[in-house]
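[1] Here is the input, now give the coordinates:
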Amino acid sequence: MSIDKNKIAFITGISGQDGPYLAEVLLSHYYEVVGLARPGSHLDSLDSAGLLKKITLVSGSLLDKEFLNQCIKKYEPTEIYNLAAQSSVAQSWIAPEETFTINAVVPLYFLEIIRQNNPKIRFFQASSSEIYGDAHGLVTDKTKFFPLNPYGISKLAAHLAVVRYREVHHLFACNGVLFSHTSPRQLKNTAAKNITQSAAKISLGLLDKITIGNLAIKRDWVYAGDVAEAMWLILQHDQPNDYIVANGESYSLRKLVEESLRCVGIKQWRKYIMVNPNLIRKNDILNMVGSSRALKKIGWKPKVNFSQLVKMLVDYELEQLKK
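    Below you'll find the model as predicted:
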């Protein structure tokens with residue numbers, strides 16, 4: 001594949017779920033891709049995607065501003081995608097200072113590096129639906145910010161920094177407000193992974209029940225590959241702006257359970273549920289759904305719907321269990 005030397009992308013969090021998908025999108029558009037991973041990171045997702053020989057991998061600490069500065073000077077990226085974060089809400093209560101430093105201060109490092117070295121660099125910040133808290137319905141660009149946990153607070157600080165640097169310093173800096181998204185490359189033990197993996201185990205006789213908390217919780221699930229496409233598209237627009245990255249439809253955990261078991265031929269899904277009250281948190285956001293109207297106006301359309309996504313996840317778990 002030929003590379004356009006005028007298109008160089010620098011991705012933090014390259015070894016997470018979203019990084020490999022974004023790298024694939026960028027490579028398909030002939031970018032040179034440089035990825036930053038912290039020392040000791042597992043590179044399985046990059047390896048399984050066949051990306052290790054196609055990208056330049058850099059190891060170092062996000063918290064070292066001078067290191068980041070030298071990276072940007074050395075590789076001279078035209079676009080920076082900051083995907084790295086402490087992304088666990090539960091962990092953010094345990095280590096709020098660390099969460100804030102990684103999620104809010106590091107984006108500020110990049111904004112300052114861009115402002116001081118090359119204001120033409122385009123910057124994408126992975127924002128989060130957690131900045132809205134429990135919005136009780138459809139989230140739009142008019143919805144008020146109201147984070148309910150240290151993670152959401154840290155993401156909102158970064159989000160607002162991007163907006164101010166765009167307005168005051170005229171940087172091409174954008175937030176992509178990411179709603180719940182998943183894929184077979186999901187590394188965290190999320191509700192979606194737990195449910196789809198449990199369904200696969202039940203079908204193989206390895207498990208009797210799916211253990212879960214609040215079945216009524218609803219989320220706007222998006223395929224991570226579609227999210228990566230949105231990230232790239234946001235930085236290609238003529239004007240910098242902030243966009244909600246969501247499908248515009250929410251599905252309950254009950255529906256996710258039902259769909260996952262249907263994928264393995266089980267219709268009577270209620271027999272396979274065990275509700276654990278200890279998994280129900282008082283501050284759980286009950287319903288999160290985002291309006292993708294603005295993003296669709298610039299050409300984004302998700303390719304994978306909810307049913308297709310669930311089948312993809314279950315099929316992957318079945319494949320892994322049979323190995």
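
[2] Give me the distance between stretch 231-244 and the centre of its chain.
    16 Å (Cα atoms, centre = their mean, to the nearest Å).

[3] now it: mean pLDDT?
    The pLDDT scores in stretch 231-244 average 96.

[4] quick one: buried residues of that stretch?
    Counting neighbours by 16 or more other Cβ atoms under 10 Å, one finds that the buried residues in stretch 231-244 are Met231, Trp232, Leu233, Ile234, Leu235, His237, Pro240, Asn241, Asp242, Tyr243, Ile244. (Each C-beta comes from the backbone N, C-alpha and C, glycine too.)

[5] Likewise for stretch 185-195?
    Applying 16+ other Cβ under 10 Å to stretch 185-195 flags Arg185, Gln186, Ala191, Ala192, Lys193, Asn194, Ile195 as buried.

[6] returning to that earlier point: could you provide the buried residues of stretch 231-244 in a markdown table, with additional columns for secondary structure and distance to Leu26?
    Shown next, in a markdown table, are those (DSSP: H, G, I helix; E, B strand; the rest coil; distance: Cβ to Cβ, whole Å):
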| residue | secondary structure | distance to Leu26 |
| --- | --- | --- |
| Met231 | helix | 9 |
| Trp232 | helix | 6 |
| Leu233 | helix | 12 |
| Ile234 | helix | 13 |
| Leu235 | helix | 10 |
| His237 | coil | 16 |
| Pro240 | coil | 18 |
| Asn241 | coil | 20 |
| Asp242 | coil | 21 |
| Tyr243 | strand | 18 |
| Ile244 | strand | 22 |
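
[7] and which of those is nearest Val25?
    Comparing those against Val25 with Cβ to Cβ picks out Trp232 as the nearest, at 5.0 Å.

[8] from what I can see that closest one touches Glu24, true?
    No: in this structure, Trp232 is not within contact of Glu24 by Cβ atoms under 8 Å, at 10.2 Å.

[9] still on that earlier bit, could you dump the buried residues of stretch 185-195 to a markdown table with secondary structure and pLDDT?
    Rendered in a markdown table, the data for the buried residues of stretch 185-195 read as follows (DSSP: H, G, I helix; E, B strand; the rest coil; pLDDT from 0 to 100):
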| residue | secondary structure | pLDDT |
| --- | --- | --- |
| Arg185 | coil | 90 |
| Gln186 | coil | 87 |
| Ala191 | helix | 86 |
| Ala192 | helix | 90 |
| Lys193 | helix | 92 |
| Asn194 | helix | 92 |
| Ile195 | helix | 93 |
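
[10] need those in CSV with distance to Pro39, can you?
    Below are these laid out as CSV (distance: Cβ to Cβ, whole Å):
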residue, distance to Pro39
Arg185, 21
Gln186, 23
Ala191, 30
Ala192, 29
Lys193, 26
Asn194, 29
Ile195, 33
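
[11] What strand or helix carries the spatially closest residue to Leu204 that is not a sequence neighbour?
    For Leu204, ignoring the flanking residues on the chain, the nearest one in space by Cβ to Cβ, 6 or more residues apart in numbering is Leu321 at 5.9 Å. Under the assignment given by DSSP states H and E, the secondary-structure element containing Leu321 is helix 306-322.
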